[in-house]
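Participant: Here is a sequence together with a model predicted from it:
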Amino acid sequence: MKRLFKIDCLSRVEGETGITAEIRDGEVAVRAGVFEAPRFFESFLRGRHYSEVADFTARVCGICPVAYQMSAVHAFERIFGIEVEEPIRELRRLLYCGEWIESHALHIYLLQGPDFSGAESAWSKREYLPIAKRGLSFKKLGNRILTLLGGRPIHPVSAKVGGFSKLPQKQELLSLLPVLQQAYEESLTEIARVVCLPFEDNLMYMECISLSDPREYPMNYGNVISNGGVDTSMAGFLSMVRESQVEHSTALHSAMRKDGSESPYLVGPISRVNLNAEKLPAEITTTMKKCGISLPIMNTRMGIIARSIELSYTFSEAIRVIQEYEAPSRSCADFEHRAGEAAWITEAPRGMLMHRYELDHGGYVKDCTLIPPTSQNLALMERELRDFIQCHMDKPVEFLKKESEKIVRSYDPCISCSVHLVVLEGDKQGKTPEGISSDPA
Amino acid sequence: MKRPRIGVFKFTSCDGCQLSLLNLEDELLDFVGLFQVAYFREATDRPLRGHLDIALVEGSVSTERQRSHVVAVRERTRYLVTVGACATSGGLQALRNWADIDDYKNAVYPSPAIIETLPCSTPISDHVYVDYELWGCPVSSDELSETLGSFLLDKRPGIPGYSLCMECKRKGIPCLLIARSAPCLGPVTRAGCGVLCPSLERPCYGCFGPKEGANIDSLLNVFRKSGLSHHDCALLLDKMNTSAYRKARTREGPP
């Protein structure tokens, strides 16, 4: 017996993706196909000057442009041997807080949130509107931070190799404090609300991977660690990752080479919270305990909890940075460019974003690799979809479709992020691919 | 009055311009009250049915399937508005237009043969009639709400076509081109960003594309006098609006 179902274009995810599931003789094959059109970033970046790269990479993703700027500028600073001043480091952290807030609030309240109320969008049900409004006010605050530091929330323009093109006035930063304080308090009660949402029981072992920095909750610095014993440098981890092209879709899929085999892994808020909980402020960990959150979180459906914890954290971190900020001696470090190669990883809202660049003597890019968080999570997402459908094979297709969409959404995939993309779907024997219909009907 | 039906469509893009719509935040819930959001994949599950009064189209056309999709969108739409650099001028993915697409595929994919993509990334207006174009990478939220508001009032949106310099002067920002000899694209670029880069002490890099009648070669001569090579000058124009700047240069005629 053979059954096949297809979701052509998922809604409430960023970018275009589809799922195809085939059930044959009780065996399930699932393919999460990305059919976002390729944009060839790694190709057109070749020959471009290092000073333009952050402007380009920002355009990979409208939701997390800062992540793409941060991974790029840090990689170049490593090649040039630049150490930025402490206040610059802190301002970059604040910029990243703005992006985490904006991105997490979008996902918690507008993309995934409606799933728990059975709503088709954040504004389709009257009883969800107050929740949506709260989410929008959080998101707005994230965007205010981005605008203050970078001029605009999407593709901000001030971050550059060595520092910033212009620094904000301390007074402007201080003006954010009262609203941030209020949002922080609200976000703590939001953790309690989110914990009470109905979650599917879906405990599974997964290898969680994130940066880890002895000084702070990871954003721009650290080593790569996991709950499965990985502890390595950024460059070390990049050499463990194997990207492969799968025919049925997509972004290149990533897997980690470890102990002679390749295994899927999870990056993003769940991994970060599991591996770095001791760096969270006491007030947040107390709230987590009170709400009955026990770590590690081993259920991907609970990503929204991890995201809410991080939302709270970024408010409190933004407050800390602003309170302690003292202007640096200059906005940008002096440096000279030179040839070389370096890799850097930063924590995008959705997880580790890896960049590697090779520069020639003139400062032009010879070669580069960008590995976004979504392509790292795709393998695990497919495994979870397969296991789910395997367990619920007897259920109607409509149910399987709805639930599969929810699973995908709980990963918060960012499809336009998946830089290297394929637009087709073929079967595994390599027959002529049948075009996926994007017709959103 | 019946609320106009609006659809938001995505082609090849970063999603940033759709996000500008969600970034209206305070106005977002008013907006969904004034319009009937008939199709918006990023924000709602609602499938597409029937005709639309207005379609906002993000992204460029870069695959075969998108060529027919954009026609399908046009056919069911009264007013089609492109939002942002990709939809209006082809976006930065149009950099492939001046390269060999096979080289591009080989650089990214282990099995380039199965990548289905057109050799060129083109603006929506190359394929269907476009009623109104919004520039910007990303589009500005203000211009977006001005356009939507104008639609409701049945008037033409009040969006200027003059250069960035006009706004820059009005804001009283010292000229980066003259005072620092910085390669600023302001004189040939549309206003619309709110003088973002010069306010943050960096030269304009052309998010909003060429203004009408831009004298680009004359500006490049100025850049060359301050020491920029031919190659570097070309790179300055080859960004998010590469197609539009190149087209504007050829319209000027030989230098």
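Facilitator: That came through, no problem.
Participant: give the contact list for the residue in chain A that chain B sits nearest to.
Facilitator: Closest residue of chain A to chain B, C-beta to the nearest C-beta: A:Gly62 (2.4 Å). Any C-beta I mention is one placed from the backbone N, CA and C, and that applies to glycine too. By C-beta atoms under 8 Å, 6 or more residues apart in numbering or on different chains, the contact list for A:Gly62 reads A:Glu14, A:Ile154, A:His155, A:Ser416, B:Ser13, B:Cys14, B:Asp15, B:Gly16, B:Cys17, B:Gln18, B:Leu19, B:Pro138.
Participant: residues contacting the closest residue to it other than its chain neighbours?
Facilitator: If the residues on either side of it in the chain are set aside, A:Gly62 comes closest to B:Gly16, at 2.4 Å by C-beta to C-beta, 6 or more residues apart in numbering or on different chains. B:Gly16 makes contact with A:Arg59, A:Cys61, A:Gly62, A:Ile63, A:Pro65, A:Ile154, A:His155, B:Gly84, B:Cys137, B:Pro138, according to C-beta under 8 Å, 6+ apart.
Participant: Please list the members of those residues that lie in helices.
Facilitator: A:Pro65 (DSSP state H).
Participant: doesn't B:Ile101 make contact with A:Pro38?
Facilitator: No. Proximity of A:Pro38 to B:Ile101 does not meet the contact threshold set by C-beta atoms under 8 Å, at 10.1 Å.
Participant: in the stretch 101-250 of chain B, which spans are helices?
Facilitator: B:101-108, B:141-153, B:164-171, B:176-180, B:196-199, B:216-225, B:230-237, B:242-252 (DSSP state H, counting those that start in this stretch).
Participant: Can you give the distance of the fourth one from its chain's centre?
Facilitator: Read that as helix B:176-180. 27 Å (C-alpha atoms, centre = their mean, to the nearest Å).
Participant: what about that helix, near chain A?
Facilitator: No. Using C-beta under 8 Å from any C-beta of the partner chain, helix B:176-180 stays clear of chain A, with a minimum separation of 10.8 Å.
Participant: Give me the buried positions along that helix.
Facilitator: Going by neighbour count (16 or more other C-beta atoms under 10 Å in any protein chain shown), the buried part of helix B:176-180 is B:Leu176, B:Leu177.
Participant: can I get the CA coordinates of that helix in CSV?
Facilitator: Extracted in CSV, the C-alpha atoms of helix B:176-180 (Å, rounded to 0.1, in the frame of the first residue of the first chain):
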residue,chain,number,x,y,z
LEU,B,176,30.6,63.4,2.4
LEU,B,177,31.4,63.7,-1.3
ILE,B,178,32.7,67.2,-1.1
ALA,B,179,34.1,67.4,2.5
ARG,B,180,35.6,64.0,2.6
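Participant: Are there helices or strands packed against that helix, and which ones?
Facilitator: Secondary-structure packing of helix B:176-180 (3 or more C-beta pairs under 8 Å, 6 or more residues apart in numbering or on different chains; DSSP states H and E): no helix or strand packs against it.
Participant: Equivalent analysis for the shortest one, please.
Facilitator: Helices and strands touching helix B:196-199, by 3+ C-beta pairs under 8 Å, 6+ apart, are helix B:164-171.
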